[in-house]
Structure formats: structure tokens, C-alpha cells
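>>> Here's a sequence, model it:
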Amino acid sequence: MTVTAVASSSHEEIFRVEEPSVGLLGFIAVHSTQLGPAAGGLRMRPYASEDEALTDVKRLSEGMTYKNAAAGLTLGGGKAVIIGDPAKDKTPDLLRAFARAIEGLDGRYITAEDMGMSPADMAILAEETRFVAGLADGEFASGDPSPITARGIFNAIRTTRAHKHGSRDLSGVTVSVQGLGHVGWYLCQFLHEAGAKLVVTDIDESRVERAIEEFGAKAVPLAEIYSAEADVFAPCAIGGILNARTIPQLKADIVAGGANNQLATAEDGAALHARGILYAPDFVANGGGIINVATEIQKIKDREGFVAEKLQALDETMAAILTQAKAADVSPAEMAIATVQAKMEKASKAA
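Residues are numbered from 1 along each chain as shown. The predicted structure follows:
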């Protein structure tokens, strides 16, 4: 196996990992260890090129720095990606090889599951590295973080709705959900239970059919989710979907979802603000999963109590960001970055 350092002025460390015998090619990015070891999930996707994968891991790892800081965790930001189709290319040998690369970083990066991965995959990684969380079994096992991620997003939707319209009640509110993976599906469950109406789309037609059956959801084609008639747009798939092409299509006046790096550029946050669309910054809205994983990393016995306390604090952080952004007449995305940078600076001085 070949592990090669990739030069970067924006990250502490980036490594290219390759093992041709098992079809492995991927990257590990450590953005910051200022608050603690870098933590963030392992994603497997059929990237079109190495450059695309490298760009994604860099953006995702930076987002994890902000996410962990916003959640009040003593963890830095990191991420890992593997190039390949998880349905076809993922094998135990591939995962074990990647785990050995993680082990070689000696704890500077701690992984967990993300898109294309499961707790069962984490168990395979754990055969070769100590630095993995999101396991299904063990004294401090935290399992699938998706339900907690979805709970945090659900809270963010209610809080953003309260700031925009004065009520957290979601009865009769239409939410368009892009992506019905683990997080998107649990979010739909919470929304359905709260009386919301759902408009959904996904690349997997079977998931869409199931959502229609279980939640009474309305389905739209992939490209039409942006222009769907909805009060809230909840992106829960890939990043970069809020851009110069899609923002003008939005009919919703709130965007709050689970996808990482939803804004294609920083200017897109300002574009949403200019249109009067209230944006719940993604790295605050979707912080529930890493809170759950942190209980395993830090061996916290009262997992439920810790998660509940941190989710409440995260919701309060979201509310403060929205309030401050309104007062300053700036995008919540801009205010969120300023907020977490101030948190990190304060923590650094106290260390």
C-alpha cells in the first residue's frame, strides 16, 4: 500500500492512499487538530476523478472543523473518502487496507461512517485500526449516527421556522426532502410524525415508492426538487447543490437540511439572503451525528444524557446565529463561520 502526502496550504495534512491489489484509491484529510484529534466520517462514492475526490475531502474536512466546534466538542476536523461504488466495489479487503492507513496516522484522525458506509463496515475497519467509531457493538458503541443527525436537522427546521414565521409548529408545513438515505429517511419520519407534508426525490426509485407508501409523500423528478412548491427545502444528499443555477428556482423561504457543504460558494449564502430565503448553516444543522459519535470516541458512559445536552446546546447555537445574522443583516452562513471561529479562538487561548 502507498500512502503519499499531498501538499496543502489550507490543511494540516492530506494523504493519498492507494492499494491496487484491492482496488483502493482514496484520501484522508486532516484540516485542524486545534481543538483535539480530527474526527469525521469515511465516505465512498464513484467520484469522476481524483481531483473531484480531493476537492470533496478538503471541503468536507474543513466543514468538520466547523461542525465539531459548533457542537462544542473537543475534536478537530477531518474526513476520508474512497473512490468507488459502495454497492459494487466495497470489499472487506479494501476496507482493511484503508484502515491500516488510518492506523498509520496514530490517532490524529478518527473515522466513522458516512455516505456509502455502515456500522458493519466500521467493524471491519476496527480489525485493523483503533481509531474508528460508530460501531454497533462494544461498551461505548454509538451505532448508526443517522437518527441523531436527523433529530438535529428536525430541530433546526423548527428553530428556523420560528425565526421566519414565529412558530415551531410544523403541522401542515410542506417540506421538500432531497435524498432518502439514512439521514433523509429518519428526517422524513420525524417530519411526518410532526404533521408536515412531504415532497421527496431520490436516485433510488424504491426509496421514493416507500416514502409515498409510508408518509403519503409526493414524489418529483430529481431536477424538479428545487422548484417544488414547499415551505422548507431540506437537502440531504450531496453538497454544492445551492448555486447560481438552483437558488433562483427555489420557492421555499427556508433551507435546512443534512447535506454537507450545501453552498457551492460563499457567495451563494449571500444570494439566499438577498432573496429572503433563511438558511440554516449546514454544519450547525447536521451536527447531531458527530455528537453521537463523540460519546464513543471520548468513552462517555451517559450517552443519552450527553447527546440530549449537546443537541439542546446546538439548537441554541443555531438560534443565536439566526438572531445575530438578522441583526447584522448578513447571511446566517457568514455569521455561523464567524461564530465558530470565535469559539475556536477562545478555546485555543484557554488551552
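
>>> and the residue lying closest to Ser10 once chain neighbours are set aside, what element?
Among residues not flanking Ser10 along the chain, Lys58 sits closest, at 6.8 Å (CB to CB, 6 or more residues apart in numbering). To be clear about C-beta, it is placed using only N, CA and C from the backbone, and glycine gets the same treatment. In the assignment (DSSP states H and E), Lys58 maps to helix 50-70.

>>> now that helix, how far from the chain's geometric center?
10 Å (CA atoms, centre = their mean, to the nearest Å).

>>> and after that helix, which helix or strand comes next?
strand 76-83.

>>> Using the three-state scheme, assign the residue minimising distance to the centre of the chain.
Taking CA atoms, centre = their mean, the centroid of the chain lies closest to Asn260, which sits 4.3 Å from it. Following DSSP: H, G, I helix; E, B strand; the rest coil, Asn260 is assigned to coil.

>>> how far away is it from Lys301?
29 Å (CB to CB, to the nearest Å).

>>> repeat for Ala294
13 Å.

>>> Compare these two (neighbour count), which wins?
Using other CB atoms under 10 Å, the more surrounded residue of Ala294 and Lys301 is Ala294, with 28 against 9.

>>> Okay, Ser146 and Met115: tell me how far apart.
11 Å.

>>> Find residues that contact each of the two.
Here Ser146 and Met115 have Gly181 as joint contacts, going by CB atoms under 8 Å, 6 or more residues apart in numbering.

>>> Write down the beta-bridge partners of Ile110, one by one.
Beta bridges link Ile110 to Ala39 when assigned by DSSP bridges.

>>> Could you verify my assumption that it touches Gln298?
No: using CB atoms under 8 Å, Ile110 is not in contact with Gln298, being 10.3 Å away.

>>> between the two, who's got more neighbours?
Taking other CB under 10 Å, Ile110 and Gln298 do not tie; Ile110 has more neighbours (26 against 15).

>>> tell me the contacts of the more buried one?
Each residue near Ile110 by CB under 8 Å, 6+ apart is listed here: Pro37, Ala38, Ala39, Leu75, Gly78, Phe131, Val132, Ala133, Ile297.

>>> With adjacent residues omitted, what lies nearest to Asp282?
Excluding the flanking residues, the one nearest Asp282 by CB to CB, 6+ apart is Gln262, at 4.7 Å.

>>> typo on my end, Ile212
Leaving aside its sequence neighbours, Ile212 sits nearest to Ala219 (CB to CB, 6+ apart; 5.9 Å).

>>> give me the number of residues near that neighbour?
Using other CB under 10 Å: Ala219 sits among 16 other residues.

>>> does it have beta-bridge partners, and which?
Beta-bridge pairing for Ala219 (DSSP bridges): Val200.

>>> Contacts only, for it.
Val199, Val200, Thr201, Val208, Ala211, Ile212.

>>> in terms of contact, does Ala136 touch Ile124 like I think?
No: between Ala136 and Ile124 there is no contact under CB under 8 Å: 11.6 Å.

>>> related to what we said a few turns ago, how close does the residue nearest to Ser10 get to Thr65?
11 Å.

>>> How is the protein partitioned into domains?
2-62+76-125, 146-287+316-342 (automatic domain parsing).

>>> So what's the residue count around Gly195?
11.

>>> Of Lys58 and Thr65, which one has the most company?
Neighbours were counted for Lys58 and for Thr65 using other CB under 10 Å; Thr65 has more, 28 against 20.

>>> Please name the residues that touch the residue nearest to the more buried one when sequence neighbours are not counted.
For Thr65, ignoring the flanking residues on the chain, the nearest one in space by CB to CB, 6+ apart is Gly77 at 2.8 Å. Contact analysis of Gly77 by CB under 8 Å, 6+ apart lists 30-32, 38-40, 61-68.

>>> now with 10 Å?
Contact analysis of Gly77 by CB atoms under 10 Å, 6 or more residues apart in numbering lists 11-12, 29-36, 38-40, 60-69, 109, 283, 290.

>>> Repeat that for Lys326.
Contacts of Lys326 by CB under 10 Å, 6+ apart are His163, Lys164, Leu278, Pro332, Met335.

>>> Please render those residues as TSV that adds secondary structure and distance to Thr317 to the earlier fields.
Below are the contacts of Lys326 laid out as TSV (DSSP: H, G, I helix; E, B strand; the rest coil; distance: CB to CB, whole Å):
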residue	secondary structure	distance to Thr317
His163	helix	13
Lys164	helix	18
Leu278	strand	16
Pro332	helix	11
Met335	helix	11
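
>>> Okay then, goodbye and thanks.
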